[in-house]
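**Q** Compute the structure for the input listed below.
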Amino acid sequence: MRQSRVVASRALAVAAAVAMSVTVLNGCTSTGSTGAASTDTGQPSSSQAPVVLPGAPGDEPRVAGSAEMAELGAEQAEPSEAGIDYIRMMIPHHRQALTMTDMAPARAKNPRVRGLAERIGGAQQAEIDMMQAWLKRNDLQPVTDYHVDARHKRMMGMATREQLDRLKGSSGTEFDRLFLRLMSRHHEGAVTMAEDLLTKGTDPQVRSMAKDVIASQRDEIATMQQLLTEIG
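**A** Got it, this is the predicted structure:
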């Protein structure tokens, strides 16, 4: 299926991009028989870790060139508290989305709902990988505890345990409706969190990731609302 190939392609591209985001580029393109490094590749120098920027909806992530890094100020000394807070909240937020999308293959009736769940799952896992890589690049501990408790009251749109249990116990059209409603609310919460980050966060890569969340999840919300109307 074409959509599966798109998701797989994006996942592979993100895996490669994330791997680059936590290592240092070891050399540039060689020219001539002497192996001298080219100085006009537009890539970051070998002395700095590359920054991975998310693409527009449907596009693959990419490594920022040296000009972009200079323009964005990506070499700032310390990550902002707002940026760290956003990343640490958004990772478990995305993880809950994966919990829901993992239910779709066996429970969804509508093939478009199954396809959308696959698309959302692939994108959210890719973003989790990028956010974990950002934490590592800034010498911060990765998020390993996905438990949602009183510390995470600011995670907007999260489904309750009861709602997740109901989703898990449903199938067919009932699952499709509940999945679309819960995921729409979940996406709306993520958009609100990302918009809040943009009012106070200063980290260029985190701001870029937040903008990508806003653009891609608004698009998916529109798709889910259309599907809900069609399902009735």
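**Q** Next, the contact list for T101, please.
**A** Residues counted as contacts of T101 (Cβ atoms under 8 Å, 6 or more residues apart in numbering) are 117-118, 120-121, 124, 183. Where you see a C-beta, it was placed from the backbone N, CA and C, and this is true even at glycine.
**Q** What separation is there between it and T223?
**A** For T101, the distance to T223 (Cβ to Cβ, to the nearest Å) stands at 14 Å.
**Q** Ok, M158 next?
**A** Distance, M158 to T223, using Cβ to Cβ: 21 Å.
**Q** and what of I120?
**A** Relative to T223, and taking Cβ to Cβ, I120 is found at 10 Å.
**Q** Those two - which one has more neighbours?
**A** Per other Cβ atoms under 10 Å, whichever of I120 and T223 has more neighbours is I120, with 25 against 16.
**Q** For the nearest residue to the more buried one once chain neighbours are set aside, give me phi and psi.
**A** Nearest residue to I120, sequence neighbours excluded (Cβ to Cβ, 6 or more residues apart in numbering): T101, at 5.3 Å. Dihedral pair for T101: phi -70, psi -30, per degrees, to the nearest 10.
**Q** Next: A108.
**A** Taking degrees, to the nearest 10 as the convention, A108 sits at phi -70, psi 140.
**Q** going forward, begin numbering at 726 instead of 1
**A** Yes, from this point I'll number from 726; that puts the last item at A833.
**Q** so which strand or helix has the closest residue to it other than its chain neighbours?
**A** In space, and not counting its chain neighbours, A833 is closest to R839: 4.6 Å by Cβ to Cβ, 6+ apart. Per DSSP states H and E, R839 falls inside helix 836-862.
**Q** buried sites along that helix?
**A** Neighbour counts over helix 836-862 (16 or more other Cβ atoms under 10 Å) mark 838-860, 862 as buried.
**Q** just checking, what packs against that helix?
**A** In terms of contacts (3 or more Cβ pairs under 8 Å, 6 or more residues apart in numbering; DSSP states H and E), helix 836-862 is packed against helix 727-746, helix 806-826, helix 829-832, helix 897-925, helix 929-956.
**Q** buried sites along stretch 811-828?
**A** 811-819, 821-823, 825-826, 828.
**Q** quick check, nearest of those to G926?
**A** Y811 (6.1 Å; Cβ to Cβ).
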